[in-house]
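A.B. asks: Just need the structure, nothing else, for what follows:
(one chain, ligands or ions: 1)
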Amino acid sequence: MIMTPGVRRFALTTHVTASVGWLGAVVVFLAHAAIGLTNQNPQIVRGVYLVMEPAAWVALLPLAVAALLTGVVQSLGTTWGLFRHYWVVCKLLITAGATAILLIYMETFRQMAAVAADPRVDVAAVGNPSPALHAVLALAALLIATVLGICKPAGLTPYGRRIRGESLQPERRSAAATWLYATAGLAILAMLMLIAVHLTGHRPPSH
Ligand code: HEM
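C.D. replies: Numbers count the residues shown, from 1 in each chain. Next up is the predicted model:
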């Protein structure tokens, strides 16, 4: 069902507020992560890792879910559709992937908070580079989603072309292939980076 112009403006305002708000929240997390790694005051260092988990529940996760849901509404309620344009499919993959990783990462936040709350653990063992690495990756992914949303680069998926009744011209096929390779490349790169982060042992120190 296509939205009326007024409803569309309202829905778009909600979508941009939620999704770009999520990006801003990630910047704040990156700032906290940097403070946790560099600050010399033990209370501040412990406090940073203690506050990350509740702050993620209150800000990061609701904004991530809101960005995903409002994005789907914005796609289905307009002629953009959910699977007709490569840029929309890319945003869906980026947002759904980042939200899923965040959900899994909530347990890591919980573990880091438990370590920070334990007075037997030396403050040197409380500092953990994992939140900074994850925040940088999330920031890059959300910046790509923002650029895609604003630039809306051309490129119809095979499904989008079928809806429009267009045949697949050779030059369009190569544009479609470029999009597909770019998306697959980005997804693989993100996965490799995450695997590397976990394999290099950037986990909360155990005690
Ligand atoms: C964190 C992730 C996201 C960010 C930062 C983001 C950002 C934006 C921005 C800034 C716009 C406004 C562009 C403009 O009209 O000039 C926009 C529009 C749009 N976004 Fe997103 N978005 C995100 C996730 C999603 C997702 C997951 C979907 C779909 C599954 C989506 C679908 C759309 C659509 C269809 C529009 C155009 C709406 C219209 O023309 O009325 N977005 N997005």
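A.B. asks: Following element in sequence after the longest helix seen in the chain, please.
C.D. replies: Across the chain, the longest stretch assigned as helix under DSSP state H is helix 5-38. Under the assignment DSSP states H and E, the closest C-terminal helix or strand after helix 5-38 is helix 42-55.
A.B. asks: Could you give me the buried positions within stretch 93-103?
C.D. replies: By neighbour count with 16 or more other CB atoms under 10 Å, stretch 93-103 contains the buried residues 93, 94, 95, 97, 98, 99, 101, 102. Placement of C-beta: from N, CA and C, glycine included.
A.B. asks: The ligand next: which of these are close?
C.D. replies: Contacts with the ligand within the buried residues of stretch 93-103, as defined by CB under 6 Å from any ligand atom: residue 95.
A.B. asks: quick one: which two of the buried residues of stretch 93-103 are the most distant?
C.D. replies: Distance extremes for the buried residues of stretch 93-103: the farthest pair is 93 and 102 at 14.8 Å, using CB to CB.
A.B. asks: pull the helix or strand with minimum mean pLDDT from this structure.
C.D. replies: Least confident helix or strand of the chain, by mean pLDDT, DSSP states H and E, is helix 170-199 with a mean of 68.
A.B. asks: need the residues of the chain near the ligand, please.
C.D. replies: Neighbours of the ligand within the chain, by CB under 6 Å from any ligand atom: 8, 12, 15-16, 19-20, 22-23, 67-68, 71-72, 74-75, 78, 80, 82, 88, 91-92, 95, 142, 145-146, 149-150.
A.B. asks: Might one say that residue 91 is in contact with residue 145?
C.D. replies: Yes: between residue 91 and residue 145 a contact is recorded at 5.0 Å, counting by CB atoms under 8 Å.
A.B. asks: residue ranges with poor pLDDT in this protein?
C.D. replies: For the chain, applying pLDDT under 70 flags the ranges 166-174, 176-177, 181, 184, 188, 191-192, 194-207.
A.B. asks: returning to that earlier point: looking at the buried residues of stretch 93-103, spot the one nearest residue 133.
C.D. replies: Once CB to CB is applied, the member of the buried residues of stretch 93-103 that ends up nearest residue 133 is residue 101, at 11.9 Å.
A.B. asks: element containing that closest one?
C.D. replies: Element membership of residue 101, judged by DSSP H and E, is helix 86-117.
A.B. asks: and that helix, how far from the chain's centre?
C.D. replies: Chain-centre distance of helix 86-117: 7 Å, with CA atoms, centre = their mean, to the nearest Å.
A.B. asks: can you state the direction angle for that helix and helix 42-55?
C.D. replies: Here the directions of helix 86-117 and helix 42-55 differ by 130 degrees (axes from the mean of the first three to the mean of the last three CA atoms, to 10 degrees).
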